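**Student:** Take a look and give me a structure for this.
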Amino acid sequence: MSKPISKTNPNLVNLIGDLKAQSRDTGAALWRDVAMRLSRSRSNWAEPNLSRLSRHAPEGVTILVPGKLLGSGEVSASHDVAAYSVSTSAREKIEAAGGRILSLADLMNENPNGSGVIILG
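**Tutor:** Residues are numbered from 1 along each chain as shown. Below you'll find the model as predicted:
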């Protein structure tokens, strides 16, 4: 018997299902890991700041945040960032640095195998 879904946000439940399906279809463990992280309690979701992104993310990779990206700190390089949620100040700073913000669904469509993606959180 499968674990009952306790999430009430239908968009989030659909996203978790899509992530699991993508993992089954492509064999990429990345999507399953993100689905499991989003299935947890929201108080346990990742909420990194831009300063953490600047310290730990090498240039040329896509950063995936399974939670909310917050805007404290500065961004020096242009990064592609996919997150469940992004604060307004983080969005402005990333776009000003020449980067772009993606939804998790957009990233799944662009990069089905998850190659060149690191999880920050």
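
**Student:** Quick one: list the elements packing against the one helix or strand L30 maps to.
**Tutor:** Using DSSP states H and E, the element containing L30 is helix 29-39. Counting contacts by 3 or more C-beta pairs under 8 Å, 6 or more residues apart in numbering; DSSP states H and E, helix 29-39 packs against helix 10-26, strand 62-69, strand 117-119. The way it works is simple: take the backbone N, C-alpha and C, and place the C-beta from them, glycine included.

**Student:** which parts of the helix or strand bottoming out on mean pLDDT in the chain are buried?
**Tutor:** One helix or strand of the chain scores below all others by mean pLDDT, DSSP states H and E: helix 50-56, with a mean of 92. Buried residues in helix 50-56, counted by 16 or more other C-beta atoms under 10 Å: 50, 52-53.

**Student:** likewise stretch 66-79?
**Tutor:** 66-71, 73, 75, 79.

**Student:** Save the buried residues of helix 50-56 as JSON lines, and put in distance to I119 too.
**Tutor:** As requested, these are exported to JSON lines (distance: C-beta to C-beta, whole Å):
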{"residue": "L50", "distance to I119": "16"}
{"residue": "R52", "distance to I119": "12"}
{"residue": "L53", "distance to I119": "12"}
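
**Student:** and which of those is nearest to A83?
**Tutor:** Nearest to A83 out of those is L53 (C-beta to C-beta; 10.2 Å).

**Student:** Might one say that that closest one is in contact with G71?
**Tutor:** No. Contact criterion C-beta atoms under 8 Å: L53 and G71 do not qualify, at 10.4 Å.

**Student:** And the pLDDT at W45?
**Tutor:** According to the prediction, W45 has pLDDT 94.

**Student:** and if you look at E59?
**Tutor:** 85.

**Student:** got it, and K7?
**Tutor:** Looking at K7, its pLDDT reads 84.

**Student:** what stretches of this protein score poorly on pLDDT?
**Tutor:** For the chain, applying pLDDT under 70 flags the ranges 1-5.

**Student:** For the helix holding L30, output the C-alpha coordinates as PDB.
**Tutor:** Presented in PDB, the C-alpha positions along helix 29-39 are these (Å, rounded to 0.1, in the frame of the first residue of the first chain):
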ATOM      1  CA  ALA A  29      17.500   9.700  -9.600                       C
ATOM      2  CA  LEU A  30      17.600  13.500  -9.400                       C
ATOM      3  CA  TRP A  31      13.900  13.900 -10.000                       C
ATOM      4  CA  ARG A  32      13.000  11.200  -7.400                       C
ATOM      5  CA  ASP A  33      15.200  12.900  -4.900                       C
ATOM      6  CA  VAL A  34      13.500  16.300  -5.500                       C
ATOM      7  CA  ALA A  35      10.000  14.700  -5.300                       C
ATOM      8  CA  MET A  36      10.900  13.200  -1.900                       C
ATOM      9  CA  ARG A  37      12.200  16.500  -0.600                       C
ATOM     10  CA  LEU A  38       9.000  18.300  -1.700                       C
ATOM     11  CA  SER A  39       6.900  15.600  -0.100                       C
END
